[in-house]
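In: Coordinates only, no sequence provided:
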């Protein structure tokens, strides 16, 4: 059975409805034609030109991303600048682009539920609930069966996310049991995590004032970066999406981008 782009979009809407997205976000179809037949999907966190070329070289018909390609109205397409270069290359290669962003962050089974699963949290709940939507919201909070020293937690974070360094607020021998987690940019959730009794908030894009707030609120903080905290979870989601598509009878192959690097990783 052949999967069309329209059917793929319906499936994403079923999993992560567009109404869950932040008002400023631009989830869903970025480039494409509803009738296009999809036989191969290339999943990547960011819709970069390199990712688009990788999708093209693998003869994919769809580039599935977490971060949207288009956030604001475009007044011109410049092949020498982003996002015009990606848009024009996608048109040349006949590749559609679809993004699942903040709607995937907050939905059940999305980015943050996967992170909670990867870190083996138990009794997981939504950290900051979305009004009128049970089980939907920013971040997750759960616990381990026993306390673990912060230094050990840091080592585990590096291993699970495949990174070499993190920024940490808190004493290395501090016991951690109740953990709040938010992929991407979650520094603003420090006070919420503290109010809900978290010993630690694990997230990315932590600013100076977030760290100061964590210290004042008596909560440890690990900044593992925007890209690493989302990349691993999005790869897991893409693989699971591929299995779901197969189980529904569509003949589609899914591949995850293994080459994309952290754009903020300065050597």
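Out: Here it is on my side, so go on. The structure presented is a predicted model; accordingly, all values stated were derived computationally and were not measured.
In: And the host helix or strand of residue 234, what does it pack against?
Out: Residue 234 is part of helix 226-247 when elements are defined by DSSP states H and E. Judged by 3 or more Cβ pairs under 8 Å, 6 or more residues apart in numbering; DSSP states H and E, helix 226-247 is in contact with helix 5-15, strand 40-44, helix 111-118, helix 150-161, strand 175-185, strand 200-204, strand 253-256. In this view, the C-beta of every residue, glycine as well, is placed from N, C-alpha and C.
In: Identify the residues contacting the first one?
Out: Counting contacts by Cβ atoms under 8 Å, 6 or more residues apart in numbering, the residues outside helix 5-15 that touch it are 28-29, 32-36, 38, 41, 62, 96, 98, 100, 104, 107, 109-110, 241, 244-245, 250.
In: My read is that residue 70 contacts residue 26, right?
Out: Yes: using Cβ atoms under 8 Å, residue 70 is in contact with residue 26, at 5.8 Å.
In: for the helix or strand of the chain with the lowest mean pLDDT, the distance to its chain's centre please.
Out: Among the helices and strands of the chain, helix 208-217 carries the lowest confidence by mean pLDDT, DSSP states H and E, at a mean of 92. Put simply, helix 208-217 sits 24 Å off its chain's centre (Cα atoms, centre = their mean, to the nearest Å).
In: List the buried residues in that helix.
Out: Of the residues in helix 208-217, 210-211, 213-214 count as buried by neighbour count, 16 or more other Cβ atoms under 10 Å.
In: would you turn the helices and strands packed on helix 226-247 into JSON lines with mean pLDDT, distance to residue 226 and mean neighbour count?
Out: Listed next are the helices and strands packed on helix 226-247 as JSON lines, based on pLDDT from 0 to 100; distance: least, Cβ to Cβ, whole Å; neighbours: other Cβ atoms under 10 Å:
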{"stretch": "helix 5-15", "mean pLDDT": "98", "distance to residue 226": "22", "mean neighbour count": "16"}
{"stretch": "strand 40-44", "mean pLDDT": "98", "distance to residue 226": "15", "mean neighbour count": "23"}
{"stretch": "helix 111-118", "mean pLDDT": "98", "distance to residue 226": "12", "mean neighbour count": "22"}
{"stretch": "helix 150-161", "mean pLDDT": "98", "distance to residue 226": "12", "mean neighbour count": "17"}
{"stretch": "strand 175-185", "mean pLDDT": "98", "distance to residue 226": "5", "mean neighbour count": "23"}
{"stretch": "strand 200-204", "mean pLDDT": "98", "distance to residue 226": "4", "mean neighbour count": "27"}
{"stretch": "strand 253-256", "mean pLDDT": "97", "distance to residue 226": "18", "mean neighbour count": "18"}
